Structure formats: C-alpha cells, structure tokens
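Student: Sequence and predicted model, in that order:
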Amino acid sequence: MSVESNQDAIQGTETEGSPKPKDSAMLVLQRGAEAGRRWPLDRTRSLMIGRDEDCDIHLPDRQVSRNHARIYWTG
C-alpha cells in the first residue's frame, strides 16, 4: 500500500445541481490489499491514523508511520 496526498486521489466532483454533501465524511483506502475499505470520520473528535494498534484507524503497512496522521475538523 502506498499513501499519496495529491488531488488525483480525490474521487468525484460537485457540479451545479448535484446534491449537497452531508455533514459527514468518509476516509476510503485507495490502494493495497484492503482497497475500498471505508472509515467514517467523526466531526466531534480528532482521529489518529497509523500503524500503531492504538490508532483510531489502524493501517498495518510498513510504509505507514506508527502515528502517521491526525484528522481533525476546523471551522
């Protein structure tokens, strides 16, 4: 599995007349053995992503740091 952070990883676009997105978000794994796996993102708290089993979103891949990233809402 590789983790990329670029605009190409984003799926879908909003066009005029499209339904407005709900007040929630979903993290979707794009590549690897578990591609397509989804995790709902909770607006009320931050989530830690990483290889460590204590992470909220555990990704057991050597290319992922133990504490790889934190997702949190602003605004």
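Tutor: Ah, there it is.

Student: all contacts plus neighbour counts: C-alpha atoms, from now on.
Tutor: Fine.

Student: hang on, Arg43 is in a helix, isn't it?
Tutor: No. Going by DSSP: H, G, I helix; E, B strand; the rest coil, the assignment for Arg43 is coil, not a helix.

Student: Check the gap between it and Gln30 for me.
Tutor: Here the criterion is C-alpha to C-alpha, to the nearest Å. By it, Arg43 lies 22 Å from Gln30.

Student: Which of those two has more residues huddled nearby?
Tutor: Set Arg43 next to Gln30 and count neighbours by other C-alpha atoms under 10 Å: Gln30 wins out with 18 against 14.

Student: so the more buried one makes contact with Gly36?
Tutor: Yes. Counting by C-alpha atoms under 8 Å, Gly36 is a contact partner of Gln30 at 6.1 Å.

Student: Quick one: the strands in this protein, in order.
Tutor: Here the chain has its strands, by DSSP state E, at 25-28, 38-41, 47-50, 57-58, 69-71.

Student: Let's have those strands in JSON lines, adding mean pLDDT and mean neighbour count.
Tutor: Shown next, in JSON lines, are the strands of the chain (pLDDT from 0 to 100; neighbours: other C-alpha atoms under 10 Å):
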{"stretch": "strand 25-28", "mean pLDDT": "92", "mean neighbour count": "12"}
{"stretch": "strand 38-41", "mean pLDDT": "94", "mean neighbour count": "14"}
{"stretch": "strand 47-50", "mean pLDDT": "96", "mean neighbour count": "20"}
{"stretch": "strand 57-58", "mean pLDDT": "94", "mean neighbour count": "18"}
{"stretch": "strand 69-71", "mean pLDDT": "96", "mean neighbour count": "13"}
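
Student: residue ranges with poor pLDDT in this protein?
Tutor: 1-23 (pLDDT under 70).

Student: hmm, who's touching stretch 35-50?
Tutor: Stretch 35-50 is contacted from outside by 24-30, 55-60, 64-73, using C-alpha atoms under 8 Å, 6 or more residues apart in numbering.

Student: try it again with 7 Å
Tutor: 24-30, 55-59, 64-73 (C-alpha atoms under 7 Å, 6 or more residues apart in numbering).
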